[in-house]
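In: Compute the structure for the input listed below.
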Amino acid sequence: MTGSIGDSATIGAGTYACDLCGVSCTGEGETIIRGTLAKEVAAVMEYRGLKLQQAVDFVMQERLDQGFAGLIAVSKNGEVAFGFNAKGIFRGRWLGAWATEDGYMEVGIWN
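Out: Predicted structure coming up:
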């Protein structure tokens, strides 16, 4: 069996949180570490003034090299954003009210 488990949990690479957002990545660990993807989301929010989804899109398109990765991020305001460059990634999120039936659930695999 090739590969490794948990290598991209390195602070700044696969996981990062600050006063702007929290980010968690999954995928090919070496790719995530090389791009310090989690920290990059926060950095482009701070230095380029991008909103959360814009920052995620920028990092996935401009900072990710040849490997496969996906990430989910939450802003300090509760916004949720995700991005990935694989054919598909399992994901789900609840949108709307947490304690009532006014929200809805979104589940996806493919783009």
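
In: Hmm, T26 is touching L71, no?
Out: Yes. The pair formed by T26 and L71 meets the contact definition of C-beta atoms under 8 Å, at 7.3 Å. Where C-beta positions appear, they are placed from N, C-alpha and C, glycine not excepted.

In: Could you pull up phi and psi at the spatially most central residue of the chain?
Out: For the chain, the residue nearest the mean C-alpha position is L71 (2.3 Å; C-alpha atoms, centre = their mean). L71 adopts backbone torsions of phi -150, psi 160, taken as degrees, to the nearest 10.

In: Identify the residues contacting V44.
Out: Shown in contact with V44 (C-beta atoms under 8 Å, 6 or more residues apart in numbering): 50, 55, 58-59.

In: so what pLDDT did it get?
Out: You'll see V44 listed with a pLDDT of 96.

In: what ranges do the helices span in this protein?
Out: Assigned by DSSP state H, the helices in the chain fall at 29-35, 37-48, 52-58.

In: Check the ones you listed for me: which has the lowest mean pLDDT.
Out: Note on the helices of the chain: lowest mean pLDDT is at helix 29-35, with a mean of 86.

In: Low-confidence bits of this structure, can you list those?
Out: 1-9, 88-111 (pLDDT under 70).

In: Looking at the helices of the chain, spot the one closest to G22.
Out: Nearest to G22 among the helices of the chain is helix 37-48; the distance by C-beta to C-beta comes to 8.7 Å.

In: so how far is the closest one off the chain centroid?
Out: How far helix 37-48 lies from its chain's middle: 11 Å, per C-alpha atoms, centre = their mean, to the nearest Å.

In: One more: stretch 70-77?
Out: 6 Å.

In: neighbours around S75, how many?
Out: 18 (other C-beta atoms under 10 Å).

In: For it, give me its contacts.
Out: 20-21, 52, 81.

In: now do 6 Å
Out: Listed by C-beta atoms under 6 Å, 6 or more residues apart in numbering, the contact partners of S75 are 21, 52.

In: separation between it and G22?
Out: In this view, S75 and G22 are 8 Å apart by C-beta to C-beta, to the nearest Å.

In: now do A69
Out: Separation of A69 from G22 (C-beta to C-beta): 17 Å.
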